[in-house]
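Enquirer: Sequence plus predicted model, see below.
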Amino acid sequence: FFLDIKGRIIIFRDYRGDVSPKYAEKFMAKINEMEEAGKLSPVIHDDGVTYIYLQVANLYLLAVTRTNVNATSIV
């Protein structure tokens, strides 16, 4: 996913079909929750879904998966 700073999807590609675009919306809520708690990290695991992201300027580059993947190669 490519998301803007407010969490709106700019463009996305579904390679495996295991995660729907609704998880991008959940990602922004999770980011806000973790930022308030002071526990931000580039890899977030929540409810069986792993979010791997980078923030570049006003853009989030987000990978979402349900399977066990190599997070370092994605980043």
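Expert: Sure thing, it's come through.

Enquirer: helices or strands next to the worst-scoring helix or strand of the chain on mean pLDDT in the packing?
Expert: One helix or strand of the chain scores below all others by mean pLDDT, DSSP states H and E: helix 71-74, with a mean of 75. Helices and strands touching helix 71-74, as assessed by 3 or more C-beta pairs under 8 Å, 6 or more residues apart in numbering; DSSP states H and E, comprise strand 49-56. Every residue, glycine included, has its C-beta placed from N, CA and C.

Enquirer: Give me the helices and strands touching the strand it packs on, please.
Expert: helix 22-37, strand 43-46, strand 59-65, helix 71-74.

Enquirer: Please identify the most buried of the ones you listed.
Expert: Stretch with highest mean neighbour count among those: strand 59-65 (a mean of 18; mean count of other C-beta atoms under 10 Å).

Enquirer: Could you check the angle that strand makes with helix 22-37?
Expert: Strand 59-65 and helix 22-37 are oriented at 110 degrees to each other (axes from the mean of the first three to the mean of the last three C-alpha atoms, to 10 degrees).

Enquirer: residues contacting the closest residue to Tyr51 other than its chain neighbours?
Expert: Once flanking residues are discounted, Tyr51 sits nearest to Ile44: 4.4 Å by C-beta to C-beta, 6 or more residues apart in numbering. Ile44 sits next to Phe27, Lys30, Ile31, Met34, Thr50, Tyr51, Ile52, Tyr53 when contact means C-beta atoms under 8 Å, 6 or more residues apart in numbering.

Enquirer: Equivalent analysis for Asp18, please.
Expert: Each residue near Asp18 by C-beta under 8 Å, 6+ apart is listed here: Thr65, Arg66, Thr67.
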